[in-house]
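Peer 1: Please find the sequence and the predicted model below.
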Amino acid sequence: MSDIQYNFANNYSSLDDIKGGINQVAEAQNDVQNVFNMLNEVFNGDTAAAFNAKGTQINTKFEDLHAKMQQTTSQAVDHQGLMQGLDSKHASQF
């Protein structure tokens, strides 16, 4: 059986990087929404309706991605905390 080794400092650093990526997704979502808002100001009729529908579809995908990234990161943080607690418990037994 192989050993599992955790580098808690590196893991937390990576999780912070991922949180930065989540923020970048939110910024990209806002940028895309702004583009669709500008398009709606320029166009009307069926074209505006088509842009609206596509903008809503893209926004929903961004929201789903954002939620999944947050959930996965939260689970990783929880697991990291559990493993660090287990490591401390084992160390205290020596």
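Peer 2: Nice, I can see it.

Peer 1: Going by C-alpha atoms from here, please, whenever you check contacts or count neighbours.
Peer 2: Fine.

Peer 1: for the helix or strand hosting Gly21, packing partners?
Peer 2: Assigned by DSSP states H and E, Gly21 belongs to helix 8-42. The helices and strands touching helix 8-42, judged by 3 or more CA pairs under 8 Å, 6 or more residues apart in numbering; DSSP states H and E, are helix 45-92.

Peer 1: could you redo the last one with a cut-off of 6 Å?
Peer 2: Where contact means 3 or more CA pairs under 6 Å, 6 or more residues apart in numbering; DSSP states H and E, helix 8-42 is not packed against any helix or strand.

Peer 1: Could you check the angle it makes with helix 45-92?
Peer 2: Interaxial angle, helix 8-42 versus helix 45-92 (axes from the mean of the first three to the mean of the last three CA atoms, to 10 degrees): 170 degrees.

Peer 1: Can you give me the buried ones in helix 8-42?
Peer 2: 15, 18-19, 22, 25-26, 29, 32-33, 36, 39-40 (16 or more other CA atoms under 10 Å).

Peer 1: Just give me how far it sits from the chain centre.
Peer 2: The chain centre lies 8 Å from the centre of helix 8-42; the measure is CA atoms, centre = their mean, to the nearest Å.

Peer 1: Residue nearest the middle of this protein, spatially speaking?
Peer 2: For the chain, the residue nearest the mean C-alpha position is Met69 (3.1 Å; CA atoms, centre = their mean).

Peer 1: how close does the closest residue to that residue other than its chain neighbours sit to Ala76?
Peer 2: Closest residue in space to Met69, ignoring its immediate chain neighbours: Ile22 at 6.7 Å, by CA to CA, 6 or more residues apart in numbering. Here Ile22 is placed at a distance of 14 Å from Ala76 (CA to CA, to the nearest Å).

Peer 1: ok, now Ala49?
Peer 2: 41 Å.

Peer 1: swap in Gly85?
Peer 2: Applying CA to CA, the value for Gly85 to Ala76 is 14 Å.
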